[in-house]
Every structure is written in C-alpha cells, then in structure tokens.
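Engineer: coordinates for the following, if possible.
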Amino acid sequence: DWPCQTRRRELRAEYDCAPVSLALYLAAQFVNAAQDLAHVPAGLLHYRFLGWTR
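Structural biologist: Purely as a prediction, here's the structure:
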C-alpha cells in the first residue's frame with residue numbers, strides 16, 4: 001500500500017511547514033489511484049491517501 005509508513009514519515013517531514021500543500025499532493029494521488037483502482041471502494045482509498053494526515 002502507498003504510502004507506506006516510511007513514506008508517510010518522509011512526506012510529513014518534507015511538507016512540515018506546508019500541510020495544505022501535502023493535502024493537495026495527496027488528493028491528486030488519490031484521484032489517480034481512484035482511476036487506476038476502480039474496484040477498490042472510494043472510502044478505503046480516501047482513508048489510505050488522506051485519512052492518515054489528520
């Protein structure tokens with residue numbers, strides 16, 4: 001699964017002072033994933049891509 005725990009830590013560090021930019025980046029990745037993984041429920045993808053940022 002993307003982002004894995006390591007990548008999540010890296011993203012948090014990279015976007016430390018820009019949480020809105022992180023959310024926008026992850027939202028774009030979510031849209032791409034939703035197109036590629038149409039068989040996966042949208043709620044699961046949303047949690048996977050954006051839910052961990054809270």
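Engineer: mind checking the SS state of the residue lying farthest from the centre of the chain?
Structural biologist: Taking CA atoms, centre = their mean, the residue of the chain most remote from its mean C-alpha position is H39, at 17.8 Å. Under DSSP: H, G, I helix; E, B strand; the rest coil, H39 falls in the coil class.
Engineer: now do it, the pLDDT please.
Structural biologist: Here the pLDDT value assigned to H39 is 97.
Engineer: and what of the one 5 residues further on?
Structural biologist: Residue-level confidence at L44 comes out at 95, pLDDT.
Engineer: host element of it?
Structural biologist: helix 42-49 (DSSP states H and E).
Engineer: please name the nearest non-neighbouring residue to the residue nearest the centre of the chain.
Structural biologist: Central residue check for the chain by CA atoms, centre = their mean: the C-alpha nearest the mean position is that of F49, 2.6 Å away. Spatial nearest neighbour of F49, excluding adjacent residues (CB to CB, 6 or more residues apart in numbering): F30 at 4.0 Å. C-beta: built from backbone N, CA, C; applies to glycine.
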